[in-house]
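In: here is my input; please provide its structure:
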Amino acid sequence: MNSDVQNKTLGLLETTGLTPALVALDAMEKAASISVLQAEINDFLGICIKILGSTSDVEAAIAAGQPIAAQMGGEPVVDIINRPSEEAWKAIESALEYNPLIQQGVVTIPSFESISPSDHAKDNKKVADTTNLALGFIETQGFTAVFEAIDTACKAANVEVIGKEKLGGGYVTVVVKGDVAAVNAAVDAGQTKVAALGNLIAAHVIPRPSKNVLALLP
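Out: You can find the predicted model right below:
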(Lines give C-alpha, C1' and ligand atoms only; values in the text may rest on other atoms or scores of the structure.)
Protein backbone atom coordinates (compact mmCIF):
# COMPACT_ATOMS: atom_id res chain seq x y z
CA MET A 1 0.00 0.00 0.00
CA ASN A 2 1.31 3.45 -0.95
CA SER A 3 2.14 5.27 2.29
CA ASP A 4 0.71 8.53 0.95
CA VAL A 5 -2.64 6.81 0.36
CA GLN A 6 -2.50 4.98 3.69
CA ASN A 7 -2.04 8.23 5.61
CA LYS A 8 -5.13 9.84 4.13
CA THR A 9 -8.67 9.70 5.43
CA LEU A 10 -10.98 7.21 3.73
CA GLY A 11 -14.59 8.04 2.97
CA LEU A 12 -17.17 5.42 2.03
CA LEU A 13 -20.49 6.00 0.32
CA GLU A 14 -22.52 2.87 -0.42
CA THR A 15 -25.83 3.14 -2.25
CA THR A 16 -28.52 1.06 -3.84
CA GLY A 17 -28.28 1.76 -7.57
CA LEU A 18 -25.50 3.16 -9.73
CA THR A 19 -27.14 6.48 -10.57
CA PRO A 20 -27.43 7.78 -6.99
CA ALA A 21 -23.79 6.83 -6.39
CA LEU A 22 -22.44 8.74 -9.39
CA VAL A 23 -24.69 11.76 -8.85
CA ALA A 24 -23.50 11.87 -5.23
CA LEU A 25 -19.87 11.49 -6.36
CA ASP A 26 -20.28 14.45 -8.71
CA ALA A 27 -21.53 16.56 -5.79
CA MET A 28 -18.74 15.30 -3.52
CA GLU A 29 -15.99 16.12 -5.98
CA LYS A 30 -17.41 19.59 -6.60
CA ALA A 31 -17.66 20.23 -2.85
CA ALA A 32 -14.18 19.20 -1.74
CA SER A 33 -10.71 18.20 -2.86
CA ILE A 34 -10.91 14.41 -2.97
CA SER A 35 -9.73 11.55 -5.13
CA VAL A 36 -11.48 8.28 -5.90
CA LEU A 37 -9.67 5.09 -4.91
CA GLN A 38 -12.16 2.71 -6.56
CA ALA A 39 -15.78 1.70 -6.84
CA GLU A 40 -16.92 -1.78 -5.87
CA ILE A 41 -20.21 -3.48 -6.75
CA ASN A 42 -21.75 -5.79 -4.19
CA ASP A 43 -23.74 -8.84 -5.22
CA PHE A 44 -27.17 -7.29 -4.89
CA LEU A 45 -28.10 -3.84 -6.21
CA GLY A 46 -25.39 -1.81 -4.49
CA ILE A 47 -22.15 0.00 -5.18
CA CYS A 48 -19.57 1.45 -2.79
CA ILE A 49 -17.54 4.53 -3.75
CA LYS A 50 -14.24 4.82 -1.86
CA ILE A 51 -12.75 8.32 -1.66
CA LEU A 52 -9.53 9.71 -0.20
CA GLY A 53 -8.45 13.11 1.07
CA SER A 54 -7.80 15.14 4.17
CA THR A 55 -10.22 14.58 7.02
CA SER A 56 -11.91 17.94 6.47
CA ASP A 57 -12.28 17.38 2.73
CA VAL A 58 -13.67 13.88 3.15
CA GLU A 59 -16.13 15.12 5.78
CA ALA A 60 -17.26 17.92 3.46
CA ALA A 61 -17.58 15.53 0.54
CA ILE A 62 -19.67 12.99 2.43
CA ALA A 63 -21.85 15.79 3.81
CA ALA A 64 -22.53 16.92 0.24
CA GLY A 65 -23.07 13.47 -1.28
CA GLN A 66 -25.13 11.65 1.35
CA PRO A 67 -28.31 13.80 1.19
CA ILE A 68 -28.33 13.74 -2.60
CA ALA A 69 -28.07 9.96 -2.69
CA ALA A 70 -30.83 9.72 -0.08
CA GLN A 71 -33.08 12.08 -2.04
CA MET A 72 -32.67 9.81 -5.07
CA GLY A 73 -33.69 6.71 -3.13
CA GLY A 74 -30.16 5.33 -2.91
CA GLU A 75 -30.46 4.53 0.82
CA PRO A 76 -26.85 5.62 1.40
CA VAL A 77 -24.63 4.15 4.07
CA VAL A 78 -21.60 6.33 4.80
CA ASP A 79 -18.49 6.11 6.94
CA ILE A 80 -15.27 8.04 7.46
CA ILE A 81 -12.12 6.22 8.60
CA ASN A 82 -9.09 8.26 9.59
CA ARG A 83 -5.85 6.60 8.46
CA PRO A 84 -7.00 2.98 8.15
CA SER A 85 -4.52 0.45 9.51
CA GLU A 86 -2.10 -1.24 7.15
CA GLU A 87 -3.71 -4.60 7.86
CA ALA A 88 -7.22 -3.25 7.21
CA TRP A 89 -6.18 -2.02 3.78
CA LYS A 90 -5.87 -5.65 2.69
CA ALA A 91 -9.67 -5.85 2.82
CA ILE A 92 -10.53 -2.24 2.01
CA GLU A 93 -8.68 -1.96 -1.30
CA SER A 94 -9.93 -4.68 -3.60
CA ALA A 95 -8.11 -6.25 -6.50
CA LEU A 96 -9.60 -5.98 -9.96
CA GLU A 97 -12.32 -8.59 -10.30
CA TYR A 98 -14.51 -9.75 -13.17
CA ASN A 99 -17.94 -11.29 -12.65
CA PRO A 100 -18.83 -13.62 -15.55
CA LEU A 101 -22.48 -13.76 -14.44
CA ILE A 102 -23.07 -10.06 -15.13
CA GLN A 103 -20.24 -9.92 -17.69
CA GLN A 104 -18.48 -6.90 -16.26
CA GLY A 105 -16.01 -5.81 -13.65
CA VAL A 106 -16.95 -5.80 -9.98
CA VAL A 107 -14.17 -3.40 -8.97
CA THR A 108 -13.59 -0.24 -11.02
CA ILE A 109 -10.47 1.89 -10.73
CA PRO A 110 -10.82 5.39 -12.25
CA SER A 111 -9.54 5.40 -15.81
CA PHE A 112 -8.63 8.86 -17.01
CA GLU A 113 -8.08 7.52 -20.50
CA SER A 114 -11.85 7.83 -20.85
CA ILE A 115 -11.58 11.61 -20.62
CA SER A 116 -8.75 12.01 -23.11
CA PRO A 117 -9.49 13.38 -26.59
CA SER A 118 -11.76 11.09 -28.59
CA ASP A 119 -10.21 9.61 -31.72
CA HIS A 120 -13.46 9.92 -33.59
CA ALA A 121 -14.62 13.32 -32.35
CA LYS A 122 -15.47 15.34 -35.43
CA ASP A 123 -14.88 18.64 -33.68
CA ASN A 124 -11.70 17.39 -31.97
CA LYS A 125 -12.91 18.60 -28.58
CA LYS A 126 -11.88 16.89 -25.37
CA VAL A 127 -14.54 15.01 -23.49
CA ALA A 128 -12.87 16.48 -20.43
CA ASP A 129 -14.00 19.93 -21.59
CA THR A 130 -17.34 19.67 -19.83
CA THR A 131 -18.56 23.22 -20.43
CA ASN A 132 -21.62 22.03 -22.32
CA LEU A 133 -21.30 18.28 -21.75
CA ALA A 134 -23.94 16.40 -19.82
CA LEU A 135 -24.36 12.78 -18.80
CA GLY A 136 -27.78 11.20 -18.69
CA PHE A 137 -28.67 8.10 -16.64
CA ILE A 138 -31.70 5.87 -17.01
CA GLU A 139 -31.72 3.08 -14.45
CA THR A 140 -34.44 0.44 -14.35
CA GLN A 141 -35.18 -2.94 -12.90
CA GLY A 142 -35.52 -5.05 -16.02
CA PHE A 143 -33.85 -5.15 -19.42
CA THR A 144 -36.99 -4.64 -21.50
CA ALA A 145 -37.78 -1.38 -19.77
CA VAL A 146 -34.30 0.07 -20.16
CA PHE A 147 -34.02 -1.01 -23.81
CA GLU A 148 -37.32 0.67 -24.68
CA ALA A 149 -36.36 3.75 -22.67
CA ILE A 150 -32.98 4.16 -24.33
CA ASP A 151 -34.42 3.69 -27.80
CA THR A 152 -36.98 6.40 -27.09
CA ALA A 153 -34.29 8.65 -25.62
CA CYS A 154 -32.02 8.30 -28.65
CA LYS A 155 -34.89 9.02 -31.03
CA ALA A 156 -35.86 12.11 -29.06
CA ALA A 157 -32.50 13.89 -29.11
CA ASN A 158 -28.97 13.76 -30.46
CA VAL A 159 -27.19 11.79 -27.74
CA GLU A 160 -24.57 9.04 -27.70
CA VAL A 161 -24.84 5.85 -25.65
CA ILE A 162 -21.54 5.36 -23.84
CA GLY A 163 -22.19 2.41 -21.55
CA LYS A 164 -24.44 -0.06 -19.79
CA GLU A 165 -23.93 -1.26 -16.21
CA LYS A 166 -25.60 -4.12 -14.32
CA LEU A 167 -25.73 -4.33 -10.52
CA GLY A 168 -27.58 -7.61 -10.06
CA GLY A 169 -31.17 -7.95 -8.96
CA GLY A 170 -32.25 -6.85 -12.41
CA TYR A 171 -30.84 -3.32 -12.01
CA VAL A 172 -29.57 -1.97 -15.33
CA THR A 173 -28.26 1.52 -16.05
CA VAL A 174 -27.67 3.02 -19.49
CA VAL A 175 -25.55 6.17 -19.74
CA VAL A 176 -25.71 8.72 -22.55
CA LYS A 177 -23.77 11.88 -23.26
CA GLY A 178 -24.39 15.00 -25.29
CA ASP A 179 -25.02 18.68 -24.81
CA VAL A 180 -27.12 19.63 -21.81
CA ALA A 181 -30.34 20.38 -23.71
CA ALA A 182 -30.17 17.16 -25.73
CA VAL A 183 -29.49 14.95 -22.72
CA ASN A 184 -32.32 16.55 -20.75
CA ALA A 185 -34.71 15.94 -23.64
CA ALA A 186 -33.52 12.36 -24.09
CA VAL A 187 -33.80 11.39 -20.42
CA ASP A 188 -37.23 13.05 -20.10
CA ALA A 189 -38.50 11.12 -23.12
CA GLY A 190 -36.92 7.82 -22.11
CA GLN A 191 -38.17 7.64 -18.56
CA THR A 192 -41.82 7.99 -19.67
CA LYS A 193 -41.58 4.59 -21.37
CA VAL A 194 -40.53 2.63 -18.30
CA ALA A 195 -43.72 2.41 -16.22
CA ALA A 196 -45.51 -0.14 -18.39
CA LEU A 197 -42.47 -2.40 -18.78
CA GLY A 198 -40.54 -2.35 -15.50
CA ASN A 199 -39.54 -0.25 -12.51
CA LEU A 200 -37.83 3.11 -12.96
CA ILE A 201 -35.05 3.26 -10.37
CA ALA A 202 -33.57 6.60 -11.42
CA ALA A 203 -33.46 9.07 -14.28
CA HIS A 204 -31.01 11.92 -13.90
CA VAL A 205 -28.85 14.40 -15.80
CA ILE A 206 -25.43 15.59 -14.61
CA PRO A 207 -24.36 18.79 -16.37
CA ARG A 208 -20.61 19.41 -16.48
CA PRO A 209 -19.73 16.09 -14.80
CA SER A 210 -16.67 15.92 -12.57
CA LYS A 211 -13.54 14.16 -13.79
CA ASN A 212 -13.89 11.15 -11.49
CA VAL A 213 -17.48 10.54 -12.59
CA LEU A 214 -16.21 10.48 -16.16
CA ALA A 215 -13.36 8.18 -15.13
CA LEU A 216 -15.72 5.64 -13.53
CA LEU A 217 -18.15 5.37 -16.43
CA PRO A 218 -18.87 1.87 -17.77
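In: show me where the protein has strands.
Out: 9-16, 35-41, 46-53, 77-82, 98-99, 104-105, 107-108, 133-141, 160-168, 171-179, 199-207 (DSSP state E).
In: what is the rounded mean pLDDT of stretch 137-157?
Out: Stretch 137-157 shows an average pLDDT of 96 in the prediction.
In: repeat for stretch 28-36
Out: In this model, stretch 28-36 has a mean pLDDT of 96.
In: measure it end to end?
Out: 10 Å (Cα to Cα, to the nearest Å).
In: how about the strands of the chain in TSV, adding distance to Gly190 and mean neighbour count?
Out: Quick note: C-beta positions are derived from backbone N, CA and C, even for glycine. Formatted as TSV, these follow (distance: least, Cβ to Cβ, whole Å; neighbours: other Cβ atoms under 10 Å):
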stretch	distance to Gly190	mean neighbour count
strand 9-16	21	23
strand 35-41	23	21
strand 46-53	21	22
strand 77-82	29	14
strand 98-99	27	12
strand 104-105	22	16
strand 107-108	24	20
strand 133-141	5	25
strand 160-168	11	17
strand 171-179	8	22
strand 199-207	7	20
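In: and those as TSV, adding distance to Glu59?
Out: Shown next, in TSV, are the strands of the chain (distance: least, Cβ to Cβ, whole Å):
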stretch	distance to Glu59
strand 9-16	8
strand 35-41	15
strand 46-53	9
strand 77-82	6
strand 98-99	33
strand 104-105	29
strand 107-108	24
strand 133-141	26
strand 160-168	27
strand 171-179	28
strand 199-207	23
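In: from Glu93, how far off is the residue of the chain most remote from its centre?
Out: In the chain, counting by Cα atoms, centre = their mean, Glu87 sits farthest out from the average C-alpha position, at 28.4 Å. Distance, Glu87 to Glu93, by Cβ to Cβ, to the nearest Å: 12 Å.
In: name the nearest residue to Ser35, sequence neighbours excluded.
Out: Leu52 (5.1 Å; Cβ to Cβ, 6 or more residues apart in numbering).
In: and that neighbour, how far from Ala215?
Out: 14 Å.
In: kindly report the same for Leu10.
Out: Counting by Cβ to Cβ - Leu10 and Ala215 are separated by 18 Å.
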